[in-house]
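> Need coordinates for the below:
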Amino acid sequence: MFDLDGHVAIVTGGNGGVGLAFARGLVKCGASVAIWGRNPDKNAAALAELRALGGNVEAFSCDVTDEAQIADAFAATLARFEHVDSCFANAGGGGFRGLSHQTSRDDWLATVDLNLMSVVQTWAPLTEHLLARQSGGRLVVTSSVAALMGTAGAAGYSTTKQAVRGLVQALAVELGHAGIRVNAILPGFIETEMSLSAGKEFQDACRRRSAIGRIGELEDMEGIAAFLASRHSDFMTGQSIVMDGGHSIFPM
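This is a model prediction of the structure:
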């Protein structure tokens, strides 16, 4: 059903965690994947893993907060794969930690740059490419369940992850006429190197709030990437797809 043969996807931050899970799901369905990541060792490890699955995959060095690096990575991606059909804007981070009113303007702007402007900048050249090809396409961003819930000490993260949902809705309207679908994935607590650093107490709290009695595993994120890249999501755009095991609706 989700045959992605001939489909080329970019996954930013695709060398680990949720991004690598997206890439695995895409490769398993036959897509070619361009990994954009900053860490050369992680890029190499991701390539080895995905190629072992039979994937046509390449990795490119890119910091998505740097427009020049985005331009270079996109040009290199086109040189390698000739076209691009979708982009999973997954790279981002937690941003500042601490009380909002005690946080500097520079720290706020750095978080906005990391989680919002990086997406705007990453999608800009791809949108031009998709419009020129006139063959539709997919733009997907990794938001977070934190966009739906207050998170003490992480106002910047919650704010920017909510902001990309607004971006998704705006671009869905702007680009729908061209067959470009724009959606957001909102993961809950997923077992990644980054999330596990939050500590056991936080993990246990997330587990208690899960309607299905567990926290997320990376394998849980593979199928949604394949679905959103495939033609079976043609009638879905401007949406926020929550993947959190019921964390955001489960009463304490």
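
> Could you pull out the helices in the stretch 101-250 of the chain for me?
105-112, 118-133, 155-175, 193-196, 200-209, 222-229 (DSSP state H, counting those that start in this stretch).

> most packed of these?
Burial of those is given as mean neighbour count (mean count of other Cβ atoms under 10 Å); helix 222-229 ranks first at a mean of 23. To be clear about C-beta, it is placed using only N, CA and C from the backbone, and glycine gets the same treatment.

> Which other helices and strands does that one contact?
Helices and strands touching helix 222-229, by 3 or more Cβ pairs under 8 Å, 6 or more residues apart in numbering; DSSP states H and E, are helix 17-28, strand 86-89, strand 137-142, strand 180-187, strand 240-243.

> closest one to residue 35 among these?
Evaluated over those, closeness to residue 35 peaks at helix 17-28, with 6.3 Å, by Cβ to Cβ.

> same question for that closest one, mean pLDDT?
Helix 17-28 shows a mean pLDDT of 97 in the predicted model.

> And the helix or strand following that helix, how far out from the chain middle?
The helix or strand immediately downstream of helix 17-28 is strand 32-37, counting by DSSP states H and E. Centroid separation for strand 32-37 versus its chain: 12 Å, with Cα atoms, centre = their mean, to the nearest Å.

> quick one: strands adjacent to strand 32-37?
Strand pairing for strand 32-37, using DSSP bridges, gives strand 8-12 (parallel), strand 57-61 (parallel).

> Highest mean neighbour count out of the ones you listed?
Highest mean neighbour count among these (mean count of other Cβ under 10 Å): strand 8-12, with a mean of 28.

> Now do that strand against helix 118-133, angle only.
Going by axes from the mean of the first three to the mean of the last three Cα atoms, to 10 degrees, strand 8-12 is angled at 170 degrees with respect to helix 118-133.

> on that earlier part again, make TSV out of the strands paired with strand 32-37 and add mean pLDDT and distance to residue 140.
Output for these, formatted as TSV (pLDDT from 0 to 100; distance: least, Cβ to Cβ, whole Å):
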stretch	mean pLDDT	distance to residue 140
strand 8-12	98	9
strand 57-61	98	18
